[in-house]
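Q: Pasted the sequence and its predicted model underneath.
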Amino acid sequence: MKINLPLAPSQNQLLRMHWAKRKKKQKDFEWLIVQAVTNRHSAMNGVHITITRKSCGVEPDPDNLTASAKLILDALQRVNVIKDDSPKSISLEVAWERAPRKTDQGTLVEIEKWNLEKLNE
């Protein structure tokens, strides 16, 4: 499953954001995710999530990059796409790609079931 979202706020942006604005941003992500996964009936457990942040400018620090996944993971859990965002339920990879233009900025979320045979290798 692939979901294209607007550019998620970085850790620095989240820290400076008023709590009400942060809550609205999370609600916006929830609505966009619900629109993208209209046929989901039950929460997934045991999934690998790859979140790719595509932005202009310099590459974010690893802590900023990972923190930019927080609103998205919380939104996925709140709208019942994933059961939980704990390490027992998901594995997470957060990556960055340079966007050629500001209009190309965004966040790509990819969700796939764990391949247990591959994990046991």
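A: Cool, the structure landed.
Q: for this structure, which spans come out with low pLDDT?
A: 40-41, 116-121 (pLDDT under 70).
Q: So which residues of it form strands?
A: Using DSSP state E, the strands of the chain run over 2-5, 47-55, 90-98, 106-113.
Q: Remind me what the last one packs against, helices and strands.
A: Using 3 or more CB pairs under 8 Å, 6 or more residues apart in numbering; DSSP states H and E as the contact definition, the elements that strand 106-113 packs against are strand 2-5, strand 47-55, helix 70-78. From N, CA and C alone the C-beta is placed, and that goes for glycine too.
Q: Run through the bridge partners of the closest residue to Leu76 other than its chain neighbours.
A: By the measure of CB to CB, 6 or more residues apart in numbering, the closest residue to Leu76 outside its immediate chain neighbours is Ile82, 4.8 Å from it. Bridge pairing for Ile82 (DSSP bridges) gives the partners Met44.
Q: What is the burial count for Ile82?
A: 21 (other CB atoms under 10 Å).
Q: can you check the one 5 residues further on too?
A: For Pro87, the number of neighbouring residues by other CB under 10 Å comes to 8.
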